[in-house]
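**Q** below are the sequence and a predicted model; questions follow.
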Amino acid sequence: MNIMIVAGEASGDMHGARLVEAMWKMQPDLRFSGIGGKELAAAGVELLFDASKIAVVGITEVISHLGDILAARRAIISRMRTDKPALLILIDYPDFNLLLAAKAKKLGIPVFYYISPQVWAWRSGRVKKIGKLTDRVAVILPFEKDFYAERGVIVDFVGHPLSDTVRRDVLRSKEDFFQAHHLVLTPETRIIGILPGSRAKEISTLLPDFLAAAQILTCEDKQKNWLFFLPRASTVSQELLLESGLAAYQDKISIHVFADSRYELMAACDAVVAASGTVTLELALLGIPTVAAYRVSPRTYRLGRLLVRHLRSFSLVNLIGEREIIPELLQDQVTPEAIAVQLRLMLDDANYRNAILRGLAEVAEKLGPPDCSERAANIALSCIR
């Protein structure tokens, strides 16, 4: 029985892979095809198109990748016609996926929208469209269930898939992590995580400022042993990091790039500066104080200001916590100086740090219990039955 799954971004690739594994445990005779990255491929999904080629945000970015986006859509629709799937599973990525949902409906293919798009942020009118085009919808943020219900669409809150995968209790200790990577940990060591995102545009836009902030910290307090950890996502090449500032700063700061041990790396940090997104929830579950930053093209930002006026925060941590738990820097606020100030506060002001830690614990509780993937798998299989 063929199941088609489409994930357009790195986080969706990861969550989709866990869903595939859960479905296979419940029904081993399934086979999967679709769009994704290395995680879905490793889970046994036949990839019809590489998600990294279409993982873009913003009007100008979408236009520049339009050829790849259209090619990916053609590949999926062609397979729908030649090998009709028993179910189409969509993960976020709304503009692309809603077109596929409409095509699937015409072909009589059930549609399960796992990880609904963030319609609560903007273009909320899509709620009704999602309700018409899908058979079941699962949401992973606690406030989304009420948002849909208020608009007449019934959805299932399955909890957040990160509750399954991000567990500090199963990770190696900071000491063991350092020993495994031949690093020296002393009382003067301060570890800062630098997480500029998983998309090429995010990295080229944010990484130079993140690295400049790291240099400021290093120069301001030479008594500390400053270490900076930079995880490299599976969709990101080392060449992109080097071109986006890493080459210029390698001799100025003590920075280490890791292609694996992502959660152990994050858990070892004293504080982090990160591109706003799913990673801020991963850090919340690990209890790591974070500066959330984001910047898009001026045209995309101006349009966004017109469309998104009702949200007081842009980071998921603050939206779920319903207050400012972690500091946010948006657009022109993203400067090396501002990042360095916030990171120093998190390290030096005990009251400020403890308030952030309490808020992160509240958010982690709201994300729900483990076994999200199993609950979503049951919904997916019920669509087939």
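**A** Arrived safely, thanks for sending. Numbers count the residues shown, from 1 in each chain.

**Q** show the pLDDT at residue 121.
**A** pLDDT, residue 121: 67.

**Q** for the residue lying closest to residue 323 once chain neighbours are set aside, identify the helix or strand it belongs to.
**A** In space, residue 323 comes closest to residue 359 once its chain neighbours are excluded; the distance is 7.5 Å by Cβ to Cβ, 6 or more residues apart in numbering. Placement of C-beta: from N, CA and C, glycine included. Secondary structure assignment for residue 359, by DSSP states H and E: helix 350-366.

**Q** show me what that helix is packed up against.
**A** Contacting helix 350-366 under the criterion 3 or more Cβ pairs under 8 Å, 6 or more residues apart in numbering; DSSP states H and E are the following elements: helix 278-286, helix 316-321, helix 336-348.

**Q** next one: that helix to chain centre, how far?
**A** Computed by Cα atoms, centre = their mean, to the nearest Å, the chain-centroid distance of helix 350-366 equals 20 Å.

**Q** buried ones in it?
**A** 353, 356, 359, 360, 363, 364 (16 or more other Cβ atoms under 10 Å).

**Q** show residues contacting it.
**A** 142, 281, 283-285, 287-289, 317, 320-321, 323, 325-326, 345-347 (Cβ atoms under 8 Å, 6 or more residues apart in numbering).

**Q** quick one: that helix to helix 336-348, angle?
**A** 90 degrees (axes from the mean of the first three to the mean of the last three Cα atoms, to 10 degrees).

**Q** other SSEs contacting the very next helix or strand once past helix 350-366?
**A** Next helix or strand after helix 350-366 toward the C-terminus (DSSP H and E): helix 372-384. In terms of contacts (3+ Cβ pairs under 8 Å, 6+ apart), helix 372-384 is packed against helix 10-26, strand 87-91, strand 111-114, strand 136-139, helix 162-165.

**Q** show me the contact partners of helix 372-384.
**A** Contacts for helix 372-384 (Cβ under 8 Å, 6+ apart): 1, 3, 15, 18-19, 21-23, 25-27, 86-87, 89, 110-112, 114, 135-136, 138, 140, 156, 158-161, 163-164.

**Q** can you flag the buried ones in these?
**A** 3, 15, 18-19, 22-23, 87, 89, 110-112, 114, 135-136, 138, 140, 156, 158-161, 163-164.

**Q** next SSE downstream of the helix or strand bottoming out on mean pLDDT in the chain?
**A** Across the helices and strands of the chain, mean pLDDT, DSSP states H and E gives its lowest value to helix 59-64, namely a mean of 62. Heading C-terminal from helix 59-64, the first helix or strand you meet, by DSSP H and E, is helix 66-82.

**Q** centroid residue for this protein?
**A** Closest to where the C-alpha atoms of the chain average out (Cα atoms, centre = their mean) is residue 278, at 3.2 Å.

**Q** buried stuff in stretch 267-287?
**A** Buried, per 16+ other Cβ under 10 Å, within stretch 267-287: 267-286.

**Q** CA atoms of it as CSV?
**A** Provided in CSV are the C-alpha atoms of stretch 267-287 (Å, rounded to 0.1, in the frame of the first residue of the first chain):
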residue,chain,number,x,y,z
ALA,A,267,22.3,20.8,25.8
ALA,A,268,26.0,21.6,26.5
CYS,A,269,25.5,25.3,25.8
ASP,A,270,25.1,27.9,28.5
ALA,A,271,23.1,30.1,26.1
VAL,A,272,22.3,30.2,22.4
VAL,A,273,21.5,32.7,19.6
ALA,A,274,19.2,31.1,17.1
ALA,A,275,17.1,31.8,14.0
SER,A,276,13.5,31.9,15.2
GLY,A,277,11.7,28.7,14.4
THR,A,278,11.3,25.1,15.6
VAL,A,279,14.8,25.1,17.1
THR,A,280,13.6,27.5,19.8
LEU,A,281,11.2,24.8,21.0
GLU,A,282,14.0,22.2,21.0
LEU,A,283,16.0,24.6,23.2
ALA,A,284,13.0,25.1,25.5
LEU,A,285,12.7,21.4,26.0
LEU,A,286,16.4,21.2,26.8
GLY,A,287,16.2,24.2,29.1
